[in-house]
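Undergrad: Here is a sequence together with a model predicted from it:
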Amino acid sequence: MAYFDAGSAVPLHPVARQGLLAALDEGWADPSRLYREGRRARLLLDAAREAAAEAVGCRADELVFTSSGTQAVHNGVAGALTGRRRVGRHLIVSAVEHSSVLHSAEAFEADGGSVTRVPVERSGAVTVGSYEEALRSDTALACLQSANHEVGTEQPVAEVAEVCRAAGVPLLVDAAQSLGWGPVPGPWSLLTASAHKWGGPPGVGLLAVRKGVRFVARGPVDERESGRAAGFGNLPAIVAAAASLRAVRTEAAAEAARLRELTERIRARVPRLVPDVEVVGDPERRLPGTVTFSCLYVDGEALLHGLDREGFSVSSGSSCTSSTLTPSHVLRAMGVLSEGNVRVSLPAGAAEEDVERFLAVLPEVVAEVREKLGAPSAPAAVGVGREELVVDALGKRCPVPVIELAKAFGGVPVGGTVRVLSDDEAARLDIPAWCEMRGQEYAGEEPADRGTAYLVRRVS
């Protein structure tokens, strides 16, 4: 098997394994106790904190360990909002943040706060000006990821942090995807990350809060981790996480250059090998090992199973692989095709021959899925039929509404319209994306007796 899902989790780094095994023997005691075993555990904890703080670029007393990256986000957002509640109850997040940030925003909103969700460009990046416009006199906190978990696009964190600092607003950065590659630039105020993203063990997150940031922990607290992460921490896992972060950083520059060449190869060759593919995400400002593309007329779940049978582990933001049957919030915010979505995120050490093998088998797997779904093999010829056709795709799920649209398109002349009736949430994203890929006009949507009517006008 070739594991190409480093954006979800990375295999345990050898240094993490060594640190974990050593700390199981030396770090089992309570580090808050004064006897010998406790002091030994405390030394391990302090060393791990120093190493992690050096990698983050903060002081050791500004960093605490949590039980996950998600808990770090929840504690960081809630603590900063509570600490600055006298300033106001306004929160800014980008539309493509990780779900942990968005869930924190939803909880804040349900508690009476107001939230501004900053839109992104088609590349998945925010603009600095959009954050500047979102800032208000009552803004308590702004959040921005360092790099997107689904498409790899890097955000202008340093520039946004400068804007926030000038306005006196702290910026929380979710650095889960990027911290293994290097420190986050700019005058950020809070930072979160998760060890299993860089080769540490799962169950360890970190939260850094700069000195001077007003922060009040929410919920029950205790004396551990400065009161910002309650409970007895998993010290062996913390030691392993810090050791592996230091280790991957020493390898990061060379490995980033190697992986970037491999993902550039995928970005360039997939559209040539597979027809009707949209490569998404910023082509330049992106994580070195991540490339994401979407395939027209493809069931995402079938595509992932097909690739798995060929020996490749990849992930997807497609609605076709979602239990809710709705497209990922990231792809929806970007306005790109969601059906048949594949994220390839290469781990450190990924082999060039595995990438070449992936490029060799992908066209056949996509073709098999399309054939089973009855997808058209070529663009529809110019029709001479009725000026308007109605395609009833009610009750049919991604990617069937788009397939039915493509099949019917040959039945209308230039200037004619196809009206697609669909109750699939993904159609709202995929039909406009189909129009853009095909050079046709998306004429908008209208309410229907059931579902929604999507109008497509033929221009060529």
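TA: Done, it's in.
Undergrad: low-confidence ranges in the protein?
TA: The model of the chain has pLDDT under 70 over residues 319-325, 378-386.
Undergrad: what's the residue closest to the geometric middle of it?
TA: By C-alpha atoms, centre = their mean, the chain has its centre lying nearest to H149, at 2.2 Å.
Undergrad: right, and that one touches A6 too?
TA: No: the pair H149 and A6 does not pass the contact test of C-beta atoms under 8 Å, sitting 10.8 Å apart. No exception for glycine: its C-beta is placed from N, CA and C like everyone else's.
Undergrad: residues contacting the residue nearest to the centre of the chain?
TA: Neighbouring residues of H149 by C-beta atoms under 8 Å, 6 or more residues apart in numbering: G7, H98, A176, Q177, V330.
Undergrad: which one is the first one nearest to, not counting chain neighbours?
TA: Spelled out, that is G7. Spatial nearest neighbour of G7, chain neighbours left out: S345 (3.6 Å); criterion: C-beta to C-beta, 6 or more residues apart in numbering.
Undergrad: Show me what the one you found bridges to in the sheet.
TA: Here S345 sits in beta bridges with D5, T290, going by DSSP bridges.
Undergrad: Could you give the number of residues near it?
TA: Other residues within reach of S345, judged by other C-beta atoms under 10 Å, total 25.
Undergrad: What of the one 10 residues further on?
TA: For V355, the tally of surrounding residues (other C-beta under 10 Å) stands at 21.
Undergrad: go on, the one 5 residues further on?
TA: Residues lying near A360 (other C-beta under 10 Å) number 11.
Undergrad: Tell me how far D61 lies from K396.
TA: 57 Å (C-beta to C-beta, to the nearest Å).
Undergrad: How about V390?
TA: From V390 to K396 the distance is 14 Å (C-beta to C-beta).
Undergrad: coming back round to it: so the residue nearest to the centre of the chain sits in a strand?
TA: No: H149: not assigned to a strand; according to DSSP: H, G, I helix; E, B strand; the rest coil it is coil.
Undergrad: so V402 makes contact with E339?
TA: Yes: contact criterion C-beta under 8 Å: V402 and E339 qualify, at 6.5 Å.
Undergrad: in the stretch 51-200 of the chain, which spans are helices?
TA: Taking DSSP state H, counting those that start in this stretch to define them, one finds helices in the stretch 51-200 of the chain at 69-83, 99-110, 128-134, 157-167.
Undergrad: in the first one, what's buried?
TA: Looking back up the chat, that one is helix 69-83. Using 16 or more other C-beta atoms under 10 Å as the test for burial, helix 69-83 gives 69-81, 83.
Undergrad: Tell me which other helices or strands it touches.
TA: Applying 3 or more C-beta pairs under 8 Å, 6 or more residues apart in numbering; DSSP states H and E, we find helix 69-83 packed against helix 99-110, strand 139-145, strand 171-174, strand 190-194, strand 205-209.
Undergrad: For L455, find the nearest of these.
TA: helix 99-110 (31.1 Å; C-beta to C-beta).
Undergrad: quick one, phi psi at A230?
TA: Dihedral angles of A230 (phi, psi; degrees, to the nearest 10) stand at phi -70, psi 150.
Undergrad: Quick check: of the buried residues of helix 69-83, which lies closest to A166?
TA: In terms of C-beta to C-beta, no member of those lies closer to A166 than A80, at 17.9 Å.
Undergrad: Now do the contacts for the residue nearest to S377 when sequence neighbours are not counted.
TA: Leaving aside its sequence neighbours, S377 sits nearest to R370 (C-beta to C-beta, 6+ apart; 7.8 Å). If you count contacts by C-beta under 8 Å, 6+ apart, R370 has them with Y297, V298, S377.
Undergrad: One more: E255?
TA: By C-beta under 8 Å, 6+ apart, E255 lies in contact with P288, A348, G349.
Undergrad: Show the buried residues in these.
TA: Buried, going by 16+ other C-beta under 10 Å: P288, A348, out of the contacts of E255.
Undergrad: Redo the contacts of E255 as TSV? Include distance to R224 and secondary structure.
TA: Converted to TSV, the contacts of E255 look like this (distance: C-beta to C-beta, whole Å; DSSP: H, G, I helix; E, B strand; the rest coil):
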residue	distance to R224	secondary structure
P288	36	coil
A348	32	coil
G349	36	coil
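Undergrad: mind listing what K197 touches?
TA: Applying C-beta under 8 Å, 6+ apart, the residues near K197 are G7, A9, V10, G69, A176, Q177, L179, G180.
Undergrad: hmm, 10 Å instead?
TA: Counting by C-beta atoms under 10 Å, 6 or more residues apart in numbering, K197 makes contact with 6-10, 69, 149, 175-180, 205.
Undergrad: Tell me how far it lies from S146.
TA: Distance, K197 to S146, using C-beta to C-beta: 11 Å.
Undergrad: any common contacting residues for those two?
TA: Joint contacts of K197 and S146 (C-beta under 10 Å, 6+ apart) are A175, A176, Q177, S178, L179.
Undergrad: V64 against A48, yeah?
TA: No: look at V64 against A48 with C-beta atoms under 10 Å: they stay out of range, at 11.5 Å.
Undergrad: Show the backbone phi and psi for the closest residue to P183 other than its chain neighbours.
TA: Nearest residue to P183, sequence neighbours excluded (C-beta to C-beta, 6+ apart): G57, at 4.2 Å. Per-residue torsions, G57: phi 90, psi 40 (degrees, to the nearest 10).
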